[in-house]
Every structure is written in C-alpha cells, then in structure tokens.
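>>> Here you go, sequence then predicted model.
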Amino acid sequence: MLSAFAVLGLLDIIWGLNAVTSSFQTLLDNITSGFIFLFSILGLFGLIRKNSFLVYLSLLSPITILVSTIQLLFTHVKTFSYTFSSASETLILALSVICIYTSYKTISHSQIPQNTVTDYEQKAESEYTVELIDVVKIYKVGPIEVPALNGVNLKVKKGEFVAIMGPSGSGKSTLLNLIGALDRPTSGKVIIDGVDISTLSDDELAKLRNKKIGFVFQAYNLINRSTVLRNVELPALIGGTAKKERVKKAIHLLKTLGLGDTIYRKPKTLSGGQQQRVAIARAVINDPDIILADEPTGNLDSKSGREVMMYLRKMNEELGTTVIVVTHDREIAEMTDRIIHIKDGKIIGEEVLRRNKI
C-alpha cells in the first residue's frame, strides 16, 4: 500500500505541474495537496510521531484529491474530451479511494501504540520477566535530593515467586513501583519481557500495566459500592473484553479462589482475607505476566495471611504467573522461591529457597 500512497502523491504533483496551462490557482492547489499528502505518508509510516495532527491530514488530503478529480472528470465527460490527462485523473481517482480506506484503517488502529503491546508480546523471548540494570531513583523535595534506590541490578525469571524484604525506608516499595511502571527511574533501565519501559510514553505505560501487570495492595483498594463480581471484571472492562467473556472469567476466578458464594455481595461484607482474595482475582483477570503484591498480608491475621499466600502460589503454579511480593514478614517471605534483601536502596543479598524454580 505504500506504493499506492507514493504513486498518488507523485501523480498529484505532476498533475499540478501540468495545470500551469490552466491557471496559477489550480497549479498552487494541486502542488500543495500533493506535498501535504506526501508529508502525511511520513506520519503514517512512523517517520512522524503517531499522535501528530499531520497523520490526520493523510485522510483529509486524498478526500480533497478525490473531490477535485471527480469534478475534472465530470467536465471532460460533459465536453467529450477524454484525453491522456483524463486517464491519469481516473488512476488518481482509484488510488484516492484506496488511500482513503487505508488512511482510515491506519488511524483507527493507532489507538494501540506501535512498539508496545503487540510488539511487546512478540519480543517476549527473554527467560527473564523482569530485569533492572543499574537503576537509580532520586526524589527531589525542593532543593533536597533524597536517594531511594542506588544502582539496583535485579533479574526475575518467568514463573518465579519472589519476595523482597527490607526495613522501612529501604526502597522496596519504590522498587515495586518501578517494576510496575508506576514510576520512572532517574537513570538505568527497567525491562519487562525484553522491552525497556523507561522509553515508553504515559499512554503506553498505562496500556502495559493493564495488559501485563496485576497489582495486589495491602489496603485491597476495592470499590465498596460495587459487587465483588464487578470489582473483579473492572480491569477486563477497561481492557475492552466483551461482557459475556469477562463475566464468565471473573466468576471462574472467584470460584477458584473459594469465593463462589460471594459473587453478588459487596466487598465491605467480606472478611479481610476474602477481600484480599477478591483483589487477587482482579489482578489476574487480564492474564498478566506479573503479579506485584505490596504487603498483601499486612492487614491480615497469620492464618488469613497464609491463605492469601497459598492462593498466590496457586496462581503462580497453575497460570505460570510471575509473582513478586514485598513483605517485612519472614514467615510470609519463606513461602516464596527466593528472598531478595534490600537495605538503604541497595540489594545486599538473596536466599534461594526452591532451586527448581531458579
């Protein structure tokens, strides 16, 4: 289709040059239209930023050419003067129709940024789901710089179940935020399935989070005015999944997590452990590659905490989901495959608990 765009633009310019025998205005109109169209091609094929208004000229320009061509052809037909010029106008007419359709399809599909989700899935060849390379994060509070992470290097394999442990202020939540694309590093690289997310735009990061990452928070973050079912299906709704499909999947997940009798209840009527299991179902509804859990057992008693970890383990083993848990509880951390210790913004060591996963 690129050749159709190029031929149309070229013919339109030639047509404009030939129009010098007609009128200066016709010459100017056609040359301008031709160059605008060729310039628009740059946007359609990635040489101009996809969100640029120039992309939309690619739809306006062939429409303009189409209308002017029909008018000229009509004049030739009325005067029975179908010449070589008329033949070229007919070709331009056909190419205009093709390009209008192609421009429309290109613009309508540009809602999914290139080099993000689609290419992202194609690039998922690395054995590591998460890689951090020399990551530094510095927060600025007025003139004061507060270092949170200082040269962190980390690799997490696909299907691994990892705990990050450290005292308050050690940088473990900052580390989780960077892995979850909720924040950007000051320097260094954060790589998810082979893609450096540091280079993505805010819109691209939002799509990546919705598609690739599930979050479980200490405070559950459920919507109490909605039903349990509605809470679970919400990420799939945002992701564009059809209602019938997302409802069916949400019910299946809730039953898998032992919540089949709570589907139409409100979250506030459930126990803390049940609410956290609802949050887990919500986190995996879009089949993410990674679940990030920030102190998921922090508001629970020890029995409920172990149950939540058991269900996270179940998701890890049955779905192959990589799970990264931030915790200060040694007993909870020992339920994972590997414990990563962090202190003062640096990883100071790790413990391998299950070697068959590493």
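Everything's here; your move.
>>> all helices of the stretch 251-358 of the chain, in order?
With helices called from DSSP state H, counting those that start in this stretch, the stretch 251-358 of the chain shows them at 272-284, 302-319, 330-333.
>>> Make a markdown table out of these and add mean pLDDT and mean neighbour count.
Using the backbone N, CA and C atoms, a C-beta is placed for each residue, glycine as well. Shown next, in a markdown table, are those (pLDDT from 0 to 100; neighbours: other Cβ atoms under 10 Å):
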| stretch | mean pLDDT | mean neighbour count |
| --- | --- | --- |
| helix 272-284 | 90 | 24 |
| helix 302-319 | 88 | 17 |
| helix 330-333 | 91 | 17 |
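>>> right, and these - which one's nearest Ile263?
helix 272-284 (10.0 Å; Cβ to Cβ).
>>> Need the residues that contact the closest one.
Helix 272-284 is contacted by residues 214-217, 220-222, 228, 231-232, 234-235, 250, 253-254, 256-259, 262, 267, 270, 291, 293, 296-297, 299-301, 303-305, 307-308, 311-312, 315, 319, 321 when judged by Cβ atoms under 8 Å, 6 or more residues apart in numbering.
>>> ok, Gly320 - contacts?
Going by Cβ under 8 Å, 6+ apart, Gly320 touches 158-159.
>>> Pull up the gap between it and Thr227, please.
Going from Gly320 to Thr227 by Cβ to Cβ, to the nearest Å gives 29 Å.
>>> do Leu270 as well
Between Leu270 and Thr227 the distance is 11 Å, computed by Cβ to Cβ.
>>> which one of the two has more residues nearby?
Using other Cβ atoms under 10 Å, the more surrounded residue of Leu270 and Thr227 is Leu270, with 18 against 15.
>>> State the pLDDT value of the more buried one.
On the pLDDT scale, Leu270 is placed at 93.
>>> In space, what's closest to it - neighbours in sequence excluded?
Thr262 (6.1 Å; Cβ to Cβ, 6 or more residues apart in numbering).
>>> give me the number of residues near the one you found?
Here the count is done by other Cβ under 10 Å, and Thr262 has 21 residues near it.
>>> What segments of the protein are strands?
Under the criterion DSSP state E, the chain contains strands at 128-141, 144-157, 161-165, 187-192, 195-196, 213-217, 290-294, 322-327, 338-343, 346-352.
>>> can I get those in JSON lines with mean neighbour count and distance to Ser173?
Formatted as JSON lines, the strands of the chain follow (neighbours: other Cβ atoms under 10 Å; distance: least, Cβ to Cβ, whole Å):
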{"stretch": "strand 128-141", "mean neighbour count": "17", "distance to Ser173": "11"}
{"stretch": "strand 144-157", "mean neighbour count": "16", "distance to Ser173": "9"}
{"stretch": "strand 161-165", "mean neighbour count": "25", "distance to Ser173": "9"}
{"stretch": "strand 187-192", "mean neighbour count": "18", "distance to Ser173": "15"}
{"stretch": "strand 195-196", "mean neighbour count": "18", "distance to Ser173": "22"}
{"stretch": "strand 213-217", "mean neighbour count": "22", "distance to Ser173": "11"}
{"stretch": "strand 290-294", "mean neighbour count": "23", "distance to Ser173": "6"}
{"stretch": "strand 322-327", "mean neighbour count": "26", "distance to Ser173": "6"}
{"stretch": "strand 338-343", "mean neighbour count": "20", "distance to Ser173": "10"}
{"stretch": "strand 346-352", "mean neighbour count": "14", "distance to Ser173": "15"}
